[in-house]
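> Sequence and predicted structure are below.
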Amino acid sequence: MMTTRSERRSGVKYISTPKGYIIVDENKPKEISRWGQLVKTPKRYVMAMLLLLTLLGEFNSSAFQGLGHLLLAVCSAAALDLGFSFAYKKKIQLPDGGIITGLIIALVLSTSTPAWVTFCTVAVAILSKHLVKKKPIFNPAAFGLLFSLIVFSSGQSWWGSLSLLPVWLIVFVFVTGYLVTSKVNKFPQVFAFLGVYFAIFTIMSLIGVGDVADALRAPFVNSALFLAFFMVTDPPTSPAKYKDQIKFGMLAGAISAVDYLVFGGLAYLLIGLLLANAWKAWKTANKKVTKKAA
């Protein structure tokens, strides 16, 4: 009869048998650094990357105008999100999602936007998030920004994409965006969006159809990258499965490019994303109906 005994050497657990040792647990408890604890959730990681872009973007802002604009948006978004969450869930928790929404809105709106317009933009964004108690249908920041653009004709500089700084600094948008996309596992979605988006503009440019020169250079490229990395990747309003991510990204990229070519203006990126959000919501609802019918 074979006898066994367990023992642990150097933090590795073995089972000893007459024929040798079998490793059953080689995972050592890992100490989490303070940085790791701070950004252990995807939302906090996104917040950290957005704050890094904020600090870089501030180099173009005189007298900390951008910082004041950002504090207004973030504090308003956090307070409103906290209020809605408490009303629905009866508990107080860090409003990570609201802070991210406020950060994105602040980094897209011009720093010279009147305070009341910024507040209204944030309020509409947070309200759209809580209209559906389970998950938002539309990306809150995109919804608020489109509302603000249509109703208030608000200026949008996308300064958080470093669009107002020297072109070479776009590398920081790539780096922070890559890290965020990796954290939320949305590479198929981002590649699909950027691939279709720039492919359409490149083809139109080669055949001489439409005025696409601006779309292929700064600051429009910066805006597209910022949207792709920090808004298209929003987990609650985009698919999780890779196949659906590709469809979502392609749809958002195609609608954005076609809207720019046909209508122009500043809303094309937001419209592309929001319509892709609507497609995702429709697809989810359709699956539920099919399951119930079965």
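It's in.
> Enumerate the positions of whichever strand or helix holds Leu273 that are buried.
Element membership for Leu273 (DSSP states H and E) is helix 268-293. Judged by neighbour count using 16 or more other CB atoms under 10 Å, the buried positions of helix 268-293 are 268-277, 279-281. All C-beta spots, glycine's among them, are computed from the backbone N, C-alpha and C.
> For Leu52, state which of those is nearest.
Within the buried residues of helix 268-293, distances to Leu52 taken as CB to CB reach their minimum at Leu269, with 21.7 Å.
> Could I get the contacting residues of the closest one?
The contact partners of Leu269, by CB atoms under 8 Å, 6 or more residues apart in numbering, come to 223-224, 227, 256.
> Got the phi and psi for Gln156?
According to degrees, to the nearest 10, the main-chain angles of Gln156 amount to phi -130, psi 110.
> So in terms of bridging, what pairs with it?
Applying DSSP bridges to Gln156 yields these beta-bridge partners: Leu109.
> what's near enough to touch it?
For Gln156, the contacting residues are 108-110, 145, 149, 266, by CB under 8 Å, 6+ apart.
> And Thr233, by the same measure?
If a contact means CB under 8 Å, 6+ apart, then Thr233 has 180-181, 184, 186, 189-190 as its contacts.
> Quick one: classify it as helix, strand or coil.
With DSSP: H, G, I helix; E, B strand; the rest coil as the basis, the three-state label of Thr233 is coil.
> Model confidence for it, exactly?
We have a pLDDT of 97 for Thr233.
> Not counting its neighbours along the chain, what's nearest it?
Computed as CB to CB, 6 or more residues apart in numbering, the closest residue to Thr233 that is not its neighbour in sequence is Lys186, at 4.2 Å.
> gap between the one you found and Leu269?
In this view, Lys186 and Leu269 are 17 Å apart by CB to CB, to the nearest Å.
> now the strands for the stretch 1-150 of the chain?
Applying DSSP state E, counting those that start in this stretch to the stretch 1-150 of the chain gives strands spanning 5-9, 12-17, 20-25.
> Looks like Ser110 contacts Gly155 (just checking).
Yes - A contact is recorded between Ser110 and Gly155 when judged using CB atoms under 8 Å, the distance being 3.7 Å.
> intersection of neighbour lists for the two?
Once CB under 8 Å, 6+ apart is applied, it turns out that Ser110 and Gly155 contact no residue in common.
> Need the max-distance pair from the contacts of Thr233.
Of all pairs drawn from these, the widest gap by CB to CB lies between Val180 and Gln189 and measures 11.9 Å.
> Neighbour count: the two, which is higher?
In this view Val180 and Gln189 are compared by other CB atoms under 10 Å, and Gln189 has more residues nearby, 28 against 20.
> Surely the more buried one touches Ser238?
Yes - applying CB under 8 Å as the test, Gln189 and Ser238 come out as touching, 6.2 Å apart.
> Now the common contact residues for the two.
Residues touching both Gln189 and Ser238 by CB under 8 Å, 6+ apart: 232, 245, 248.
> What is the burial count for the closest residue to Phe220 other than its chain neighbours?
Spatial nearest neighbour of Phe220, excluding adjacent residues (CB to CB, 6+ apart): Asp214 at 5.5 Å. Counted with other CB under 10 Å, the neighbours of Asp214 add up to 13.
> Same question for Pro42.
By other CB under 10 Å, neighbour count at Pro42 equals 15.
> Wait, it touches Phe230, no?
No - with contacts defined as CB under 8 Å, Pro42 does not count as touching Phe230, sitting 12.0 Å away.
> just to revisit the earlier point, could you measure from the residue nearest to Thr233 over to Lys40?
As judged by CB to CB, Lys186 and Lys40 stand 19 Å apart.
> Comparing the two, which shows the higher neighbour count?
Lys186 (26 against 10).
> which residues does that one contact?
232-233, 235, 238, 245.
> so where is this structure shaky, pLDDT-wise?
Of all residues in the chain, those with pLDDT under 70 make up the ranges 1-39, 60-64, 133, 210, 294.
> mind running it again at 90?
Scanning the chain for pLDDT under 90 picks out the ranges 1-42, 57-69, 84-95, 130-136, 155, 163-166, 204-219, 263-266, 284-294.
> what's around Tyr178, how many residues?
Counted with other CB under 10 Å, the burial measure for Tyr178 works out to 14 neighbours.
> That one and Ala252: what is the separation?
The value you get for Tyr178 to Ala252, if CB to CB is used, is 19 Å.
> any idea how far Phe147 is from Gly98?
Computed as CB to CB, the Phe147 to Gly98 distance reads 17 Å.
> Pick out whichever of the two has more residues nearby.
Neighbour tally, Phe147 and Gly98, criterion other CB under 10 Å: the higher count belongs to Gly98, 27 against 19.
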